[in-house]
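> Build me a model:
(2 chains)
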2 protein chains.
Amino acid sequence: MKMNRTEIEADLKKKLSAKRFRHTQNVVEAASNLAYIYGCNVDQVSLAALLHDCAKYFSDQQLLQYAKKHHLKVDRVSRYNQQLLHGPVGAIVAKQTYGVEDVAILHAICYHTTGCKEMTTLDEIIYLADYIEKDRSFPGIEDIRKMADTNLDLATIMALTNSICYVASVGDLIHKRTIDARNDLIIKNKKRK
Amino acid sequence: MKMNRTEIEADLKKKLSAKRFRHTQNVVEAASNLAYIYGCNVDQVSLAALLHDCAKYFSDQQLLQYAKKHHLKVDRVSRYNQQLLHGPVGAIVAKQTYGVEDVAILHAICYHTTGCKEMTTLDEIIYLADYIEKDRSFPGIEDIRKMADTNLDLATIMALTNSICYVASVGDLIHKRTIDARNDLIIKNKKRK
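As a prediction, this is how the structure comes out:
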């Protein structure tokens, strides 16, 4: 069923917790700002942002069941941290429940938590907006916010690096897609120099 | 040509810089201690330690040429940081120049810098000895040394984590084998609990 933007927002407001819905609104705001800075389609960016956490209220078991039902590959790290599936599952929910057919939006939703190889500008904007939206607070965030205003790739590298070090420091498994994403962007920027 | 231990040591002393040879001796000492603690074959462990950096004096170009000549897969990260090839190239040098045929030793030499999936006890000992030998000095090393005396897996996880955070913090590319190694060991230890 295809829903319009107002219907999607109303539905998410019902389904997500107040805190998660506020986070979603903040990501829409941050992503829209980035879209403006980097000359992207604001409607596309803000719809991806609105839907990025549309499967975040699923339990671990629901995520796993949904993933299995839709033949998603559940990699080893996601088997141990099933919440990582809320991106790939969210992409399917965005398509099936909210009628989104723009594959660029679905791709950005799918990879917004781990990052991925060869991130598009839209992927980077959603990843970064999720990381630096106004309610987020952690050491170094102001540097990333400042960089996001001028260089999207470097800000994304900073966010990926920060995320890897945080995950490593708390003893969690690191997803290889995050390493791919960071290595890719560093190499892309080396080549530009 | 098969060389005995004394001949290998004499040859390495000629080829490696004084600093690198001292490091090698330190790794032999640290690895032999770990072999003793964990009940491993000290001859095997100390030979792997002696040879772990046998290709470390090669230039970037020599490493790349050697790798190509011997059909080693040069992955993307190693193309950008060619010194990472000194492990895989070292394994071939150990076989061809020094006549080592023990595949467990060659494996430990090959992966001593990046780590790898499903590390053996020998792999972990060489990786760790290289990381904590007595001349090494960095924040947190004493904690890793202490852990190495009682739990080889946990000490290796600490060293891998430290290494990932260091490489990330200086802006270098992270090798996916290091992530594989760490994820593997964490999962192995979760299963044991």
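> what about stretch A:129-137, near chain B?
No - counting by CB under 8 Å from any CB of the partner chain, chain B has no neighbours in stretch A:129-137; the shortest distance is 15.3 Å. In short, each C-beta sits where N, CA and C put it, glycine included.
> after the longest helix seen in chain A comes which helix or strand?
Within chain A, and with DSSP state H defining each element, the longest helix by residue count is helix A:18-37. Note on helix A:18-37: by DSSP states H and E, the next helix or strand toward the C-terminus is helix A:42-51.
> list the helices and strands the helix or strand that that following helix is followed by packs on?
Later in the chain than helix A:42-51, the nearest helix or strand by DSSP H and E is helix A:60-69. In terms of contacts (3 or more CB pairs under 8 Å, 6 or more residues apart in numbering or on different chains; DSSP states H and E), helix A:60-69 is packed against helix A:86-96.
> Which secondary structure elements does the very next helix or strand once past the helix it packs on sit against?
With elements assigned by DSSP H and E, the helix or strand that comes after helix A:86-96 is helix A:103-110. Here helix A:103-110 touches helix A:42-51, helix A:86-96, helix A:121-132, going by 3+ CB pairs under 8 Å, 6+ apart.
> TSV for those helices, including mean pLDDT and distance to residue B:66?
Compiled in TSV, the helices and strands packed on helix A:103-110 are given as follows (pLDDT from 0 to 100; distance: least, CB to CB, whole Å):
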stretch	mean pLDDT	distance to residue B:66
helix A:42-51	98	47
helix A:86-96	98	41
helix A:121-132	98	38
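> re the thing from before, any idea of the mean pLDDT for the longest helix of chain A?
In this model, helix A:18-37 carries a mean pLDDT of 98.
> between it and helix A:42-51, how many degrees?
Using axes from the mean of the first three to the mean of the last three CA atoms, to 10 degrees, the inter-axis angle of helix A:18-37 relative to helix A:42-51 is 160 degrees.
> Mind checking which residue lies nearest the centre of chain A?
residue A:112 (2.0 Å; CA atoms, centre = their mean).
> Assign that one to helix, strand or coil.
coil (DSSP: H, G, I helix; E, B strand; the rest coil).
> Quick check: residues of chain A near chain B?
A:76-77, A:80, A:157, A:161, A:164-165, A:168-169, A:171, A:173-174, A:176, A:179-180, A:182-183, A:186-187, A:190.
> Leaving out chain neighbours, which residue sits closest to residue A:119?
residue A:181 (5.8 Å; CB to CB, 6 or more residues apart in numbering or on different chains).
> Under the pLDDT cut-off, which ranges of chain A? List them.
Under the criterion pLDDT under 70, the flagged ranges of chain A are A:1, A:193.
> ok, residue A:81 - how many residues close by?
14 (other CB atoms under 10 Å in any protein chain shown).
> so the helix or strand the residue nearest to residue A:119 falls within versus helix A:121-132, what angle?
Under the criterion of DSSP H and E, residue A:181 resides in helix A:176-192. With the same axes, to 10 degrees defining the directions, helix A:176-192 sits at 120 degrees from helix A:121-132.
> Mind listing what's buried along helix A:176-192?
For helix A:176-192, a neighbour-count test (16 or more other CB atoms under 10 Å in any protein chain shown) marks A:176, A:177, A:178, A:179, A:180, A:181, A:182, A:183, A:184, A:185, A:186 as buried.
> same deal with stretch A:157-171?
For stretch A:157-171, the neighbour count (16+ other CB under 10 Å) marks A:157, A:158, A:159, A:160, A:161, A:162, A:163, A:164, A:165, A:167, A:168 as buried.
> What is the nearest of the residues you listed to residue B:24?
The nearest member of the buried residues of stretch A:157-171 to residue B:24, counting by CB to CB, is residue A:168 at 28.7 Å.
> May I have the secondary structure class of that closest one?
Residue A:168 - assigned by three-state DSSP - is helix.
> wait, what's in contact with it?
A:174, B:161, B:164, B:165, B:182 (CB atoms under 8 Å, 6 or more residues apart in numbering or on different chains).
> Disregarding residues adjacent in the polypeptide, which is nearest to it?
residue B:161 (4.7 Å).
> That neighbour: which element?
Here residue B:161 is assigned to helix B:152-169, by DSSP H and E.
> Relative to the whole chain's centre, how far out is that helix?
13 Å (CA atoms, centre = their mean, to the nearest Å).
> what does stretch A:56-70 give?
17 Å.
> what angle sits between the helix or strand hosting residue A:6 and helix A:86-96?
In this structure, residue A:6 is located in helix A:5-15 according to DSSP H and E. Interaxial angle of helix A:5-15 relative to helix A:86-96 (the same axes, to 10 degrees): 130 degrees.
> tell me which residues in helix A:5-15 are buried?
Neighbour counts using 16+ other CB under 10 Å place A:8, A:9, A:12 of helix A:5-15 among the buried residues.
> ok, the residues you listed vs chain B, which is closest?
Distance to chain B across the buried residues of helix A:5-15 (CB to the nearest CB) is lowest for residue A:12, with 33.0 Å.
> How much space separates the closest one from residue B:33?
According to CB to CB, to the nearest Å, residue A:12 and residue B:33 sit 58 Å apart.
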